[in-house]
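Novice: dropping a prediction and its sequence here:
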Amino acid sequence: MGYEDLLFESELLGVSVYEKKLSKKIKGLYSNNVVCINKKIESSIEKACVLAEELGHYHTSSGNILDQSNLLNRKQEKRARKWAYKKLIPFEKLVQASNEGIQTKYELAEYLGVTEDFLENALKRYKEEYGTCTYVGEKILYFEPLGVLELKNF
């Protein structure tokens, strides 16, 4: 799912998306059905990752969570990122990539249309939540090392 797809989804949700000059440290912000993406981000792939996380805030967060020294705010940030990971890197896509012979994380990030950092963080989060592996239909998806094992009936 690319940046244009997420822009369309945002529109359907009634969320306005603007590209504006923001502080170098801030990639995106969400508040009251408005998302601001840092105009300095040149890559549409990185913009998609940022927009997905901001849409995650739309779906999972409430109130002002800018103060990340507050535990409850950090939890909301984590929930929004988790939503974004599942949106852009669903388990089924990881299995599909394996079936298509994708082998390196660089190839996988390109295949999924995400940055390598976003992919790394998603896999780390999945491993924290599910352990080393999880079932995806008739297959086992391993997070470290990343791979898929097909279950066969004997």
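Specialist: Everything's here; your move.
Novice: the strands in this structure, which residues?
Specialist: 16-20, 28-31, 34-38, 133-136, 139-143, 146-150 (DSSP state E).
Novice: between those strands, which gets nearest to K124?
Specialist: Closest of the strands of the chain to K124 is strand 139-143, at 8.4 Å (criterion: Cβ to Cβ). Quick note: C-beta positions are derived from backbone N, CA and C, even for glycine.
Novice: partner strands of the closest one and their direction?
Specialist: strand 133-136 (antiparallel), strand 146-150 (antiparallel) (DSSP bridges).
Novice: including mean pLDDT, could those strands go into JSON lines?
Specialist: Listed next are those as JSON lines, based on pLDDT from 0 to 100:
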{"stretch": "strand 133-136", "mean pLDDT": "96"}
{"stretch": "strand 146-150", "mean pLDDT": "91"}
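Novice: how about these in TSV, adding distance to D67?
Specialist: Shown next, in TSV, are the strands paired with strand 139-143 (distance: least, Cβ to Cβ, whole Å):
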stretch	distance to D67
strand 133-136	34
strand 146-150	35
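Novice: and the contacts of stretch 82-100?
Specialist: 1, 48-49, 52-53, 55-56, 59-60, 108, 111-114, 118-119, 121-122, 125-126, 129, 134, 136-137, 139, 141, 146-148 (Cβ atoms under 8 Å, 6 or more residues apart in numbering).
Novice: show me where the chain has its helices.
Specialist: For the chain, the helices defined by DSSP state H cover 3-13, 44-60, 71-88, 91-99, 105-112, 116-130.
Novice: most tightly packed of those helices?
Specialist: helix 44-60 (a mean of 22; mean count of other Cβ atoms under 10 Å).
Novice: what is the mean pLDDT for it?
Specialist: The pLDDT scores in helix 44-60 average 97.
Novice: check stretch 25-35 too.
Specialist: Here the average pLDDT along stretch 25-35 is 94.
Novice: which residues touch that stretch?
Specialist: Taking Cβ under 8 Å, 6+ apart as the rule, stretch 25-35 contacts 10, 13-18, 22, 36-38, 41, 46, 50-51, 53-55, 57-58, 61, 64.
Novice: distance between stretch 15-25 and the chain's centre?
Specialist: Taking Cα atoms, centre = their mean, to the nearest Å, one finds the center of stretch 15-25 at 18 Å from the center of the full chain.
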